[in-house]
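Engineer: here you go, sequence then predicted model.
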Amino acid sequence: MNTNGKWGVKMAKQLLLIDGNSIMFRAFFAMHNQLERFTNQDGLHTAAIYGFKLMLDHVLAEYHPDAALVAFDAGKVTFRTQLFDDYKGSRDKTPSELTEQIPYVRRLVQDSGIQSYELSNYEADDIIGTLAQEADQAGYETTIITGDRDLTQLVTPQTTVAVTKKGVTQTKDYTPEYMQEKLGVTPVQYIDVKALMGDSSDNYPGVTKIGEKTAVSLIQEYGSLDGLYEHVQDMKPSKRKENLINEEKIARECQTLATIKRDAPVEVQLTDLTYQGPDQEALAELYRELNFQSFLSQMGVEAPVPTVKPVQYVELTADNLSLLDQFKTSLVFHLEMLEANYHLAQPVGFVLGRPDCWLVSRDINLLQKPEIKQLLANDGIKKDVFNAKAQLVALHRLGVSLHHVAFDLLLASYLLDTNENSDDLGLLAQVHDYHDVQPDEVVYGKGAKQAVPEDNEVFYTHLANKARAIYELRQPLFDQLKANEQLSLYTDIELPLSAVLAQMEIDGVMVKTSTLTQMQSQLTERLSELEQAIYQAAGEEFNINSTKQLGVILFEKLKLPVIKKTKTGYSTAVSVLEKLRDQAPVVDLILQYRQIAKIQSTYVTGLLKVIHPDDHKIHTRYLQTLTQTGRLSSVDPNLQNIPVRVEEGRRIRQAFVPSEAGWEIFSSDYSQVELRVLAHVSGDQNMQADFINGEDIHAATARRIFHLLPDEEVTPNMRRQAKAVNFGIVYGISDYGLAQNINVSPKQAKTFIESYFAEFPGVHDYTKSIVETARQQGYVETITHRRRYLPDIHAKNFNLRSFAERTAMNTPIQGSAADIIKIAMIRMGPALAAHHLQARMLLQIHDELVFEAPKEELATLRQVVTEVMDSAVKLSVPLKVESKVGPTWYDLKKIED
DNA sequence: GTGATCACG
DNA sequence: ACGTACGTGATCACC
C-alpha cells in the first residue's frame, strides 16, 4: 500500500521482524506488579497477551509494514547450549503465569494476520538475523522489534532495531549512526564487545574484570577481537593483559555465543510474509475469551454492558424511619462526599443497611433524626464503612457520632497491600476482584463536569452498590488479614488510630493570623530588596523563581562552571549553588532569595489560606493509608514539615499557639527511635550495648568506627561523619550515596562503611538477611507485621533492583518506628483521661507528638506522656523520650530532669 | 500534568 | 560497570 510514496517515488518495502519471546517477557514483567489485575473470567493471566497486543497495534500503525513475521524460540536446546553447557543457565524457570499465555500470544499473532516461525536448534534471534540479511539484499527496509539490546548487532543502513525502553510501546531506534554515538562502536564490533564483557543474563562470562567501558575502549582501539589478539603481546604488562591472554579461548567462545546467525536454515521466504491485515472475526472471538473489552469496543464490536448486579434499595424519608429498627447487630454506613477534603466537603447523600435492605437518601438533614443518630452512636451495633476517619470527621461536623466501627474497607485493603489504597471505593473494589460497583468518575464525571446525578435511580444505585461492596468484601479481607497475621495490626492499632486521628483533626491547632500577616509584610520587603540586588548583579531582570531563566543567567551570561545537570537543563539546587558561592556574589543573594521565597509562599501565605475563618484554627488531614512504610502523611496543609532547622523559617512556629488562655504547647519526641529499632531488629550486640549504656549514639559510633582509644576525644567532625553513616545504614547504605552526603570520595565512604560493618556485625548480617527475606517472600515486615511488597527485588534493571534492596533494609526500620508511635497515640487518650487531664494531642510528626495543655497540668502531662511513649513496645533496647514546653511552638524549651 | 526545588522526619 | 541515600507535600514554572 505504501510502495509508492507521496510523489510517486518508489519506496522500499517495509518489513517488520518481531522477537516474540523477548516482547512477551517484556510485556509480562512490565505489568508484573499488577499481575492479578490482568486475568480473564477463567483466572487465566493476560498481562503478556495484553502487552503484546499493545505492541502489535503500535508497530502496525507506526510502520505500515508490507511484510511481517514474529519469530519464537523453539525450545531450550539450541546449538549454543550444545557449545556451552551453561548458556542461559542462570535463568529462572519461566513462571507458569507466563507460560500459560504463550498459546494465546501465538493465536493473537495468527489472527492478526502475521506469520510466525520457529526453528528447532535455533533462537528467535537467528531467524531474525537471517531474514534481515535476506531482506537487506532484496532491498527491503527492515525494523526489528525486541526487548533485547543484543540484537543491535543486526543494525545496517537498511535495518533498524527498535529496543523497548519503557513498557512495550516506547522504543529506542538503533541505527548505525546512533550506535556509533551511543556506544562508540559499529554493530558488528558490538559482538566483540559482548564477547569481552560477557552477558550475565545469558550466563556467558566474558573475560575476567572486563566490563562494558573497558570492552568498548579495547575494541575501539584494536578494531575487533581478532585485531586485539593479534596485538595482545604488545600491550603493557598488566593484570588485564594476563586475563586477556589466559582467557582467549573463553573470549572466542563467547564471541560465537554472542554472534547471531545470519545463515540459519530458515525455510520461509520473504515473499511468504506479506501482511494483509487481521482476521476480525477470529480476533473478536479471542478478545471475548480473554475478556479484552477495550479492544472489542475499539473494533466496533459491542462490549457486553458491564454487568453490575442489580441492587434493591429503599429511599429513606422522615416517614419510614421505623425501617431502621431492623438493624440490631450490624450495618453498613456510608456518607457520600465528592471532595477529598472532608473538613469542607458538602455531603451529598448517604446509605445504610444490610444486604436485604439498603436505605438511601440525598437528605443530609435526616441524619439529625434521633432514630438515625442513636443507631449510629449505638455501641452495641457494629458499623462497616469505607474510610472511617473521613466518616467520623464529616459526621462530627453534622453533630453525629459514629461508634463501634468494626470494618474499614480502605484501611484493611491498605494493610494487605500498601498500594491498594485508592480512595475511590469502586476502583478499590476492582482490585479485590469485586466488580458490582462503578468507580466514582463513571457516575459523577470529573473536573468541572463533576456533579451528582439528578436521576435518583442512578445516584441511589451507586450508593447502594457501594454499601454492598463494603459488605461483600468484609469477610474476604478479614480472612486475608488473618492469613497475613495482620488482624492485631488492624484491630488493635490502625482502626483505633483512625478515631484518634479524627479527633486530632477535629480539634485542629490554633494559628495566629496576626503573626503571619506581620511576617508577610516583612518578608515582602526583604524579597524586593533581594530581587533588586540580584537584578543589579545579573545586569538584567528575570524571573528568579524560574530555574530555566536562572540557569541561563548563571551558566551562560556569568559563565559559572556547570556542576550538575538535570534532565531538562542546568541544576540550580542548593548543593550546586553552595559550591558556586565564592565565585559570584549573586549566588549568595539567590540562595537568600530562595529561602525567603519558600518561607513566604509555602508557609506564610500558604498557611494563611487554610486558617479556618470560624475557629481560627488549622485542621490538617492525616493520610492513614498512603505511605509505603506505615508512616502518616499530612495534607491541606502539611503540618509535618513546618520549618525548624533554620531560624528564619523556624519563626513560622511563633504563629502556632495554644487555643485557650493559660495553656501552653508541649511536645515530646522519641530520641533516635529508628536506630533503636535497628539495634533491636538486627540484634547487634555492640549497638545494643551503646544504647543500654545511655551513650550518645553518634559519638559512640564514631569511637568504634574510628577505633578511638578510651582517652581519645571524639571530634565534632568525627561525630558528624559517624552520624551520616548511621543515617546511611538506616536508608540502606551505598558508598556513593554516603559520599555525596558528607562530601567525601566514594572510596573514603566505602572504608567508613566497611569499618562500620566490622564494628557492628549484627547490622551487617541484618542488611544481608532482610534482602534475602525480601527475595524469598516478596515482601518485608515491621514488628507489627505491617507489610510492604517489593516486586522490584527481582528486577534485572540494576537501579530498580538496588532501590528495592535499600527499601528492604529501610522499611522495617522506618515502619516499625511508625508502629511504635501509633501504639503510643492510641494509649494516650485513656492515659490522659485516667489522670483527668484536659490536655489535647494536636500533631504527630513521625517521632514527635505535640500537645496543648493548661499550665498547671504540665508536670503531670510530662510524666504521663513519657510513660506512654516509653512503654509503647518492649524492645531489646530502651526507648528514650525528650520533652519541651513553651508558650508557642517556636519557644519550646527542653525540660531537664 | 510534570519536573525541579525545598520544607520536614 | 552500573548510579543511589529512606519516607513525605507544596509551590512554581512551563508544557
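Structural biologist: Yes, it's here.
Engineer: from now on I want contacts and neighbour counts done on CA atoms only, so please keep to that.
Structural biologist: Will do.
Engineer: on the three-state scheme, residue A:877 is what?
Structural biologist: coil (DSSP: H, G, I helix; E, B strand; the rest coil).
Engineer: how does chain A divide up, domain by domain?
Structural biologist: Structural domains assigned to chain A are A:6-176+A:261-273, A:314-483, A:512-610, A:621-681+A:781-897, A:685-759, following automatic domain parsing.
Engineer: residue A:361 contacts residue A:460, doesn't it?
Structural biologist: Yes: with contacts counted by CA atoms under 8 Å, residue A:361 reaches residue A:460, the gap being 7.4 Å.
Engineer: ok, these two, which is more surrounded?
Structural biologist: residue A:460 (25 against 22; other CA atoms under 10 Å).
Engineer: for the more buried one, what are its contacts?
Structural biologist: A:313, A:360-361 (CA atoms under 8 Å, 6 or more residues apart in numbering).
Engineer: which ones among those are found in strands?
Structural biologist: Using DSSP state E, the subset of the contacts of residue A:460 located in strands is A:360-361.
Engineer: show me which of the contacts of residue A:460 is closest to residue A:765.
Structural biologist: Among these, residue A:360 lies closest to residue A:765 (CA to CA), at 57.3 Å.
Engineer: count of residues packed around the closest one?
Structural biologist: 27.
Engineer: what's the answer for residue A:368, then?
Structural biologist: Neighbours of residue A:368 (other CA under 10 Å): 13.
Engineer: name the nearest residue to it, ignoring sequence neighbours.
Structural biologist: Distances taken as CA to CA, 6 or more residues apart in numbering place residue A:400 nearest to residue A:368, at 7.3 Å, with adjacent residues excluded.
Engineer: is that neighbour in a helix, a strand, or coil?
Structural biologist: coil.
Engineer: name all residues that make contact with it.
Structural biologist: Neighbours of residue A:400 in contact, by CA under 8 Å, 6+ apart: A:367-368, A:373, A:376-377.
Engineer: swap in 10 Å and give it another go.
Structural biologist: A:367-370, A:372-374, A:376-377, A:392-394 (CA atoms under 10 Å, 6 or more residues apart in numbering).
Engineer: show me which of those residues are buried.
Structural biologist: By neighbour count, with 16 or more other CA atoms under 10 Å, those hold A:367, A:372-374, A:376, A:392-394 as buried.
Engineer: including secondary structure, pLDDT and distance to residue A:188, could the residues you listed go into CSV?
Structural biologist: What follows is these, written out as CSV (DSSP: H, G, I helix; E, B strand; the rest coil; pLDDT from 0 to 100; distance: CA to CA, whole Å):
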residue, secondary structure, pLDDT, distance to residue A:188
A:367, helix, 98, 76
A:372, helix, 98, 78
A:373, helix, 98, 79
A:374, helix, 97, 81
A:376, helix, 98, 75
A:392, helix, 98, 68
A:393, helix, 97, 67
A:394, helix, 98, 68
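Engineer: follow-up on the earlier one: please produce JSON lines containing the contacts of residue A:400, extended by distance to residue A:146.
Structural biologist: Listed next are those as JSON lines, based on distance: CA to CA, whole Å:
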{"residue": "A:367", "distance to residue A:146": "60"}
{"residue": "A:368", "distance to residue A:146": "64"}
{"residue": "A:369", "distance to residue A:146": "66"}
{"residue": "A:370", "distance to residue A:146": "67"}
{"residue": "A:372", "distance to residue A:146": "62"}
{"residue": "A:373", "distance to residue A:146": "63"}
{"residue": "A:374", "distance to residue A:146": "65"}
{"residue": "A:376", "distance to residue A:146": "59"}
{"residue": "A:377", "distance to residue A:146": "62"}
{"residue": "A:392", "distance to residue A:146": "53"}
{"residue": "A:393", "distance to residue A:146": "53"}
{"residue": "A:394", "distance to residue A:146": "53"}
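Engineer: just send the residues you listed back as CSV, with distance to DNA strand C too.
Structural biologist: Below are those laid out as CSV (distance: CA to the nearest atom of the strand, whole Å):
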residue, distance to DNA strand C
A:367, 30
A:368, 32
A:369, 35
A:370, 37
A:372, 34
A:373, 33
A:374, 35
A:376, 30
A:377, 31
A:392, 20
A:393, 18
A:394, 19
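Engineer: measure the residue lying closest to residue A:654 once chain neighbours are set aside to residue A:754 for me?
Structural biologist: In this structure, residue A:654 finds its nearest non-sequential neighbour in residue A:890, 4.8 Å apart by CA to CA, 6+ apart. Distance of residue A:890 to residue A:754, computed by CA to CA, to the nearest Å: 41 Å.
Engineer: settle it for me: which of the two has more neighbours?
Structural biologist: residue A:890 (20 against 14).
Engineer: pLDDT score for the more buried one?
Structural biologist: Per-residue pLDDT puts residue A:890 at 97.
Engineer: so it sits against residue A:646, correct?
Structural biologist: No: Residue A:890 is beyond contact range of residue A:646, at 11.8 Å (criterion: CA atoms under 10 Å).
Engineer: follow-up on the earlier one: mind checking the SS state of the residue nearest to residue A:654?
Structural biologist: Criterion first, three-state DSSP; result for residue A:890: coil.
Engineer: got a list of what it touches?
Structural biologist: A:643-644, A:647, A:650-657, A:665.
Engineer: before we move on, what about residue A:29?
Structural biologist: A:23, A:35, A:47-48, A:51, A:98, A:167, A:791-792, A:795.
Engineer: now go through these and say which are in helices.
Structural biologist: Counting by DSSP state H, those place A:23, A:47-48, A:51, A:98 in helices.
Engineer: and the residue of the stretch 701-850 of chain A found nearest DNA strand C, how many neighbours?
Structural biologist: The nearest approach of the stretch 701-850 of chain A to DNA strand C comes at residue A:728, 2.8 Å away (CA to the nearest atom of the strand). By other CA under 10 Å, 18 other residues sit near residue A:728.
Engineer: residues in contact with it?
Structural biologist: A:722, A:734-735, A:737-738, A:741, A:753, A:810.
Engineer: try it again with 8 Å
Structural biologist: The contact partners of residue A:728, by CA under 8 Å, 6+ apart, come to A:734, A:737-738.
Engineer: can you read off the pLDDT for residue A:9?
Structural biologist: With respect to pLDDT, residue A:9 has a value of 52.
Engineer: against residue A:80, how distant is the nearest residue to residue A:117 once chain neighbours are set aside?
Structural biologist: Excluding its sequence neighbours, the residue lying closest to residue A:117 (CA to CA, 6+ apart) is residue A:71, at 5.0 Å. Per CA to CA, residue A:71 is found 17 Å from residue A:80.
Engineer: tell me which of those two has more neighbours.
Structural biologist: Between residue A:71 and residue A:80, residue A:71 has the larger neighbour count (other CA under 10 Å), namely 23 against 19.
Engineer: can you give me the neighbour number for residue A:325?
Structural biologist: Residues contacting residue A:325 under the criterion other CA under 10 Å number 10.
Engineer: for chain A, what are the low-confidence residue spans?
Structural biologist: Low-confidence segments of chain A, defined by pLDDT under 70: A:1-10, A:31-37, A:89-93, A:166-167, A:200-201, A:301-306.
Engineer: which SS state does the one residue sitting closest to the centre of it fall under?
Structural biologist: With distances taken as CA atoms, centre = their mean, chain A has residue A:628 as the residue nearest its mean C-alpha position (7.7 Å). Here residue A:628 is recorded as coil under three-state DSSP.
Engineer: coming back round to it: also within reach of DNA strand B: list those from the buried ones among the contacts of residue A:400.
Structural biologist: Near DNA strand B, judged by CA under 7 Å from any atom of the strand, there are no entries from the buried ones among the contacts of residue A:400.
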